[in-house]
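1. sharing a model that was predicted from the sequence below.
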Amino acid sequence: NAGVTQTPKFRILKIGQSMTLQCTQDMNHNYMYWYRQDPGMGLKLIYYSVGAGITDKGEVPNGYNVSRSTTEDFPLRLELAAPSQTSVYFCASAARLVASSTDTQYFGPGTRLTVL
Amino acid sequence: GQQVMQIPQYQHVQEGEDFTTYCNSSTTLSNIQWYKQRPGGHPVFLIQLVKSGEVKKQKRLTFQFGEAKKNSSLHITATQTTDVGTYFCAGRTRHNNNDMRFGAGTRLTVKP
């Protein structure tokens, strides 16, 4: 049981390039999330998914896209990378009942992205 | 929009001293969670508070949720070097149960 895995661990992009950050969980969790964490700051929600085939925007979705074709995978796509997207990106998953707000989010180790 | 403020930003204590971090929301929360992040690591869930006035304890850690469900605190008694890290609160509102807003965190350092 690996929990939440993210690849790559580190990446440097040039302005205008695109890339996909991978996230996989093996806990059969229905909810998955993408956050970004800027230096000295808390986490900001980019996108989330309540189950396969369903995604929704969080607080800071601009410049990103997601898909959720399977329960396990939740990739984050950056198109036309910009310096403002330099950050640490965390993926998380949680098992949540539809009618309840109770959940424990399990975070992956993060991807450190630099855009130059 | 909803904002979650956390103070202090930094706290440096001598080992054995107590530590408290405070979290305030601009809107009423349906629940609040606390996370710990070690330097270079990822956030790790500590606890969730749901009820107004709720108090929960985990060994030397005491968590409180305010009566109005707009503020919360984490208190650590007799800090140890293993307590080093950044402590984040994160809250959800009834209006959007899926959108969790994090505070900026309190970074705790402990001098042995």
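-> Yes, it's here.

2. and the nearest residue to residue B:94 once chain neighbours are set aside, what does it touch?
-> Closest residue to residue B:94 apart from its sequence neighbours, by Cβ to Cβ, 6 or more residues apart in numbering or on different chains: residue B:30 at 4.8 Å. Yep, even glycine has a C-beta here, placed from its N, CA and C like the rest. Listed by Cβ atoms under 8 Å, 6 or more residues apart in numbering or on different chains, the contact partners of residue B:30 are A:101, B:50, B:69, B:92, B:93, B:94, B:97.

3. and if you look at residue A:95?
-> Listed by Cβ under 8 Å, 6+ apart, the contact partners of residue A:95 are A:27, A:28, A:29, A:30, A:31, A:103, A:104.

4. which pair of the contacts of residue B:30 spans the longest distance?
-> Using Cβ to Cβ, the pair of the contacts of residue B:30 lying farthest apart is B:69 and B:97, separated by 14.0 Å.

5. which one of those two is surrounded by more residues?
-> More crowded of residue B:69 and residue B:97, by other Cβ atoms under 10 Å in any protein chain shown: residue B:69, with 23 against 15.

6. check which helices and strands the helix or strand bottoming out on mean pLDDT in chain B sits against.
-> Lowest on mean pLDDT, DSSP states H and E among the helices and strands of chain B sits strand B:101-102, with a mean of 90. When contacts are defined as 3 or more Cβ pairs under 8 Å, 6 or more residues apart in numbering or on different chains; DSSP states H and E, strand B:101-102 sits against strand A:43-51, strand B:85-92.

7. and among those strands, the most buried is which?
-> Highest mean neighbour count among those (mean count of other Cβ atoms under 10 Å in any protein chain shown): strand B:85-92, with a mean of 25.

8. partner strands of that strand, parallel or antiparallel?
-> Partners of strand B:85-92 in the sheet, by DSSP bridges, are strand B:31-37 (antiparallel), strand B:101-102 (antiparallel), strand B:106-111 (antiparallel).

9. burial measure for the residue in chain B that chain A sits nearest to, as a count.
-> Per Cβ to the nearest Cβ, residue B:102 is where chain B lies closest to chain A, at 3.4 Å. By the criterion of other Cβ under 10 Å, residue B:102 has 23 neighbours.

10. which ones are touching it?
-> Contacts of residue B:102 (Cβ under 8 Å, 6+ apart): A:35, A:42, A:43, A:44, B:4, B:35, B:88, B:89, B:90.

11. now the strands for chain B?
-> In chain B, the strands defined using DSSP state E lie at B:4-7, B:10-14, B:19-25, B:31-37, B:44-49, B:55-58, B:61-65, B:71-76, B:85-92, B:101-102, B:106-111.

12. report the beta-bridge partners for the spatially most central residue of chain A.
-> Closest to where the C-alpha atoms of chain A average out (Cα atoms, centre = their mean) is residue A:34, at 2.5 Å. Using DSSP bridges, the bridge partners assigned to residue A:34 are residue A:47, residue A:91.

13. if we can go back for a sec, ok, of the strands of chain B, where does mean pLDDT dip lowest?
-> Among the strands of chain B, strand B:101-102 carries the lowest mean pLDDT, a mean of 90.

14. where's the dip in pLDDT among the contacts of residue A:95?
-> Among these, pLDDT bottoms out at residue A:103, giving 78.

15. what number of residues lie near the residue of chain A found nearest chain B?
-> For chain A and chain B, the shortest gap (Cβ to the nearest Cβ) falls at residue A:42, measuring 3.4 Å. Residue A:42 has 21 neighbouring residues, counting by other Cβ under 10 Å.
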